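**Q** structure for this input, please:
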Amino acid sequence: MNWNSLQEFVSMGGHGAFVWGACLVSFAALACETWLVHRRMRRAALAIDRRGEDQ
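**A** Residues are numbered from 1 along each chain as shown. This is a model prediction of the structure:
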């Protein structure tokens with residue numbers, strides 16, 4: 001496609017709400033997954049540290 005203005009690019013031929021909405025949902029899901037993995041790794045590291053202190 002060829003867009004002549006920023007407004008045409010954002011509207012994406014009338015489908016902009018769906019396109020940008022999908023991008024937003026995808027970004028939110030990736031950010032949430034990254035945060036959850038980081039939290040799980042931190043908890044696992046703390047559990048390993050606790051086991052080492054018990055011995």
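**Q** show the pLDDT at M1.
**A** Note on M1: pLDDT of 67.
**Q** tell me which element N4 is part of?
**A** Following DSSP states H and E, one finds N4 outside all helices and strands.
**Q** should've said F27
**A** Using DSSP H and E, F27 sits within helix 16-54.
**Q** model confidence over that helix, on average?
**A** 95.
**Q** what's that helix packed up against?
**A** Counting contacts by 3 or more C-beta pairs under 8 Å, 6 or more residues apart in numbering; DSSP states H and E, helix 16-54 is packed against no other helix or strand. Quick note: C-beta positions are derived from backbone N, CA and C, even for glycine.
**Q** in stretch 11-26, what's buried?
**A** By 16 or more other C-beta atoms under 10 Å, stretch 11-26 has no buried positions at all.
**Q** distance between it and the chain's centre?
**A** Relative to its chain's centre, stretch 11-26 lies at 16 Å (C-alpha atoms, centre = their mean, to the nearest Å).
**Q** output it as CSV - backbone C-alpha positions only.
**A** Provided in CSV are the C-alpha atoms of stretch 11-26 (Å, rounded to 0.1, in the frame of the first residue of the first chain):
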residue,chain,number,x,y,z
SER,A,11,-6.5,4.7,9.6
MET,A,12,-5.2,1.8,7.4
GLY,A,13,-8.0,2.1,4.9
GLY,A,14,-10.6,1.9,7.6
HIS,A,15,-9.1,-1.1,9.4
GLY,A,16,-6.8,0.9,11.7
ALA,A,17,-8.7,0.2,14.9
PHE,A,18,-8.4,-3.5,14.3
VAL,A,19,-4.7,-3.4,13.3
TRP,A,20,-3.6,-1.1,16.1
GLY,A,21,-5.8,-2.9,18.6
ALA,A,22,-4.2,-6.2,17.7
CYS,A,23,-0.8,-4.6,18.0
LEU,A,24,-1.7,-3.3,21.5
VAL,A,25,-3.0,-6.6,22.7
SER,A,26,0.1,-8.5,21.4
